[in-house]
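Asks: for reference, the sequence and a predicted model appear below.
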Amino acid sequence: MHNSRNRLLNQIRAIEFTTLELNLFLNSHPGDQQALRDYNNGVRQLKALKNEYERQYGPLINFGFGYSRSPWQWINEPWPWERESNRGCN
Amino acid sequence: MWLYEKKLQYPVNIKKPNYKLAAAILNQFGGPDGELAASLRYLSQRPSMPIPEAKAMLNDIGTEELAHFEMIQAMVHQLMKDAPIEEIAADGATAVYYTDHGRASWISTGTGVPFTGAYIQSKGDPIADIYEDMAAEQKARATYEYLINLADDPDVIDPLRWLREREVVHFQRFGEIMNKLYEWKDSKKIF
Ligand SMILES: [Fe+2]
């Protein structure tokens, strides 16, 4: 279970890293068409991956940004700073 | 407002405890060139920025630094968690930190000097502020290089290297903002 969860988390990390990088780049190059296309592409991929993650493991972001099954999944361990949450990720 | 995403930006998975190394890394948590100082510096400076690119950049890099603050906390936590007490007791400096904070991550240097707002500045002058931010990124990069020199565990070195890379990118982005600020300044002189 940990393995498939962490594999999915790693895919999310990889895409989110590129969208974050493109976001910072676009902040200083707001007219760059290629970067903008890549950014919007990443958004689409990231949405699909996050939906998949939340369907299986509960919300990645709380405060109304992700569905939860019962009982309330937000309190599920492990939390990111715990080693178990990062096992098999690198 | 801010949202919390329940994952680390880059994974931290340290198998071998090392309290002394944790204390050194704690400097990037609450020390002078650490991630908290970086985040609060950029977020505090946002309202002084005269151009949209600068506002967005300070907002977003200030936010990313909080994700790095969390990665550093994960490193400190995992290195301290199962460290044998004999190892902590054997070193004078780490024993003092242990006496005050146990295995907790407190916003301080590894020797327990508390975090202070005096580490950072908001001058209200956009060019002075962005120069400070570029210097801060270089100081953080140098700190990561010193920490990499101190570390001998690949599980520790890997995320430190990744964090060092981020400082290089942030420096580059702030440099681009600096050029835009000079353009803004020149355009104002015409009137
Ligand atoms: Fe940075």
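Replies: Received the coordinates, thanks. Just so we're clear, the structure is a prediction, and the values are computed from it rather than from any experiment. Numbers count the residues shown, from 1 in each chain, chains lettered A, B, ... in the order given.
Asks: show me which residues of chain A sit near chain B.
Replies: A:9-10, A:12-13, A:16-17, A:20-21, A:23-25, A:27-30, A:59-63, A:65, A:74, A:79-83, A:85-90 (Cβ under 8 Å from any Cβ of the partner chain). Glycine gets a C-beta too; all of them are placed from N, C-alpha and C.
Asks: which of these are buried?
Replies: Using 16 or more other Cβ atoms under 10 Å in any protein chain shown as the burial test, the residues of chain A next to chain B include A:9-10, A:12-13, A:16, A:20-21, A:23-25, A:27-28, A:59-60, A:62, A:80-83, A:85-87, A:89 as buried.
Asks: got the phi/psi numbers for residue B:158?
Replies: Dihedral pair for residue B:158: phi -60, psi -50, per degrees, to the nearest 10.
Asks: sorry, back to before: list the ones among the residues of chain A next to chain B that fall in helices.
Replies: A:9-10, A:12-13, A:16-17, A:20-21, A:23-25, A:27-28 (DSSP state H).
Asks: so where's chain B uncertain?
Replies: By pLDDT under 70, the low-scoring segments of chain B are B:190-191.
Asks: kindly report the same for chain A.
Replies: Using pLDDT under 70, the flagged stretches of chain A are A:1-2, A:89-90.
Asks: okay, which residue of it is out on the far edge from center?
Replies: The centre of chain A is farthest from one residue, residue A:31, which by Cα atoms, centre = their mean lies 26.2 Å away.
Asks: for chain B, what lies in contact range of chain A?
Replies: Within chain B, the positions near chain A by Cβ under 8 Å from any Cβ are B:3-15, B:53, B:56-57, B:60-61, B:64, B:70, B:73-74, B:77-78, B:158, B:169-170, B:173, B:176-177, B:180.
Asks: the ion next: which of those are close?
Replies: Contacts with the ion are made by residue B:170 out of the residues of chain B next to chain A, judged by Cβ under 5 Å from the ion.
Asks: just the buried ones among the residues of chain B next to chain A, please.
Replies: Buried by 16+ other Cβ under 10 Å: B:5-14, B:53, B:56-57, B:60-61, B:64, B:70, B:73-74, B:77-78, B:158, B:169-170, B:173, B:176-177, B:180, out of the residues of chain B next to chain A.
Asks: and the closest residue to residue B:96 other than its chain neighbours, how many neighbours?
Replies: Nearest non-adjacent residue to residue B:96, counting by Cβ to Cβ, 6 or more residues apart in numbering or on different chains: residue B:112, 6.5 Å away. The number of residues packed near residue B:112 is 16, by other Cβ atoms under 10 Å in any protein chain shown.
Asks: likewise for the one 4 residues further on?
Replies: A count of nearby residues for residue B:116, using other Cβ under 10 Å, gives 12.
Asks: not counting sequence-adjacent ones, nearest residue to the residue of chain A found nearest the ion?
Replies: Relative to the ion, the nearest point of chain A is residue A:24 (10.6 Å; Cβ to the ion). Excluding its sequence neighbours, the residue lying closest to residue A:24 (Cβ to Cβ, 6+ apart) is residue B:173, at 5.2 Å.
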